[in-house]
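# only the shape, not the letters, is given here:
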DNA sequence: AAAGACACCTGTCCGC
DNA sequence: TGCGGACAGGTGTCTT
């Protein structure tokens, strides 16, 4: 479910509740997520304090430190929300429901509750530099950074004969663009999703870069897109759904030209576009 | 090396 | 109302 805007919305929602708080317990109800939650998870994290909550691609990183052991390596937790995951700040009095797989309990009496019906997400942990983790190691640039620009993208797409939509969804090319925002950004850029990635003029790539950034920024400002599972850390939905221009709107009228929005399958993912505006 | 298929898992929705 | 099948925001791994 969550793409970059939903993960970033979650980060902003949970961060103030976690910063400088000591983790008093981690309650695991269902360790079998995409990968099993490591058995040393409690040992690594309980007793340490959260120093910062950052995001890399669609991963959330809780960086922690052990206050009483200055020489020890900092520990971290890596959380991915998969397709159906969400994080909420709860009180200990709130009963967990069926798919609430773990709680990270804090000294404030609040807890960070992870819910993920499909269990495609994960909770991993370790010591040292989390960016060295194999999952984070070979990710492409952040789409909202200046590293992600037309020159970079042209280089990354050189020789790529796959469709542009499949290309911008590859996390090695650029991170954070998932199935919703790929369709949305290509619509804004006027590029047909099936167009070969290496057959796009430089000026159009520059426009695409701009449109990816714009789409993601607008979605973050709206608190993400709630289709079914997603909710913000306070339980409220994200409001970007109302601003979607093509995603899920096949058969509807294009807001630019009144032509009907089409749906095709690309790389086994539903893809929405306007055949008249996107070439 | 790159592209495509498949797997993981549960819930929901649609047609019969 | 019930049941089978398709589909859903992701991504690592295996096969071409």
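Yes, it's here. Since the model is a prediction, treat every value here as computed from it, not as a measurement.
# okay, buried residues for the longest helix seen in chain A please.
Counting by DSSP state H, the longest helix found in chain A is helix A:202-221. Neighbour-count burial for helix A:202-221 flags A:204-209, A:211-213, A:215-216, A:219-220 (criterion: 16 or more other Cβ atoms under 10 Å). For glycine as for every other residue, the C-beta is placed from the backbone atoms N, C-alpha and C.
# save those residues as JSON lines, and put in distance to DNA strand B and pLDDT too.
Formatted as JSON lines, the buried residues of helix A:202-221 follow (distance: Cβ to the nearest atom of the strand, whole Å; pLDDT from 0 to 100):
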{"residue": "A:204", "distance to DNA strand B": "18", "pLDDT": "98"}
{"residue": "A:205", "distance to DNA strand B": "16", "pLDDT": "98"}
{"residue": "A:206", "distance to DNA strand B": "21", "pLDDT": "98"}
{"residue": "A:207", "distance to DNA strand B": "21", "pLDDT": "98"}
{"residue": "A:208", "distance to DNA strand B": "17", "pLDDT": "98"}
{"residue": "A:209", "distance to DNA strand B": "19", "pLDDT": "98"}
{"residue": "A:211", "distance to DNA strand B": "21", "pLDDT": "98"}
{"residue": "A:212", "distance to DNA strand B": "18", "pLDDT": "98"}
{"residue": "A:213", "distance to DNA strand B": "23", "pLDDT": "98"}
{"residue": "A:215", "distance to DNA strand B": "22", "pLDDT": "97"}
{"residue": "A:216", "distance to DNA strand B": "22", "pLDDT": "97"}
{"residue": "A:219", "distance to DNA strand B": "22", "pLDDT": "96"}
{"residue": "A:220", "distance to DNA strand B": "26", "pLDDT": "96"}
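# if we can go back for a sec, sheet partners, orientation included, of the helix or strand following the longest helix of chain A?
With elements assigned by DSSP states H and E, the helix or strand that comes after helix A:202-221 is strand A:261-266. Sheet partners assigned to strand A:261-266 using DSSP bridges are listed as strand A:269-274 (antiparallel).
# the strand it pairs with and DNA strand C, any residue contact?
Yes: applying Cβ under 7 Å from any atom of the strand, one finds that strand A:269-274 is in contact with DNA strand C at A:269, A:270.
# then stretch A:179-188?
Yes: using Cβ under 7 Å from any atom of the strand, we find that stretch A:179-188 touches DNA strand C at A:179, A:180.
# how far does that stretch sit from its chain's centre?
15 Å (Cα atoms, centre = their mean, to the nearest Å).
# the residue of the stretch 101-250 of chain A found nearest DNA strand C: neighbour count?
Residue nearest to DNA strand C within the stretch 101-250 of chain A: residue A:178 (2.0 Å; Cβ to the nearest atom of the strand). Residues near residue A:178, counting by other Cβ atoms under 10 Å, number 22.
# same thing with residue A:253?
12.
# quick one, what contacts it?
A:259, A:260, A:261 (Cβ atoms under 8 Å, 6 or more residues apart in numbering).
# what about 7 Å?
Counting by Cβ atoms under 7 Å, 6 or more residues apart in numbering, residue A:253 makes contact with residue A:260.
# who does it form a beta bridge with?
residue A:260.
# tell me where the stretch 51-200 of chain A has helices.
Listed in chain order, the helices of the stretch 51-200 of chain A (DSSP state H, counting those that start in this stretch) span A:134-137, A:150-157, A:164-168, A:179-189.
# how distant is the first one from the center of its chain?
Computed by Cα atoms, centre = their mean, the chain-centroid distance of helix A:134-137 equals 15 Å.
# can you check stretch A:152-162 too?
Worked out by Cα atoms, centre = their mean, stretch A:152-162 lies 23 Å from the chain centre.
# which residues are in contact with it?
So stretch A:152-162 is in contact with A:141, A:167, A:173, A:196, A:197, A:198, A:202, A:205, A:209, going by Cβ under 7 Å, 6+ apart.
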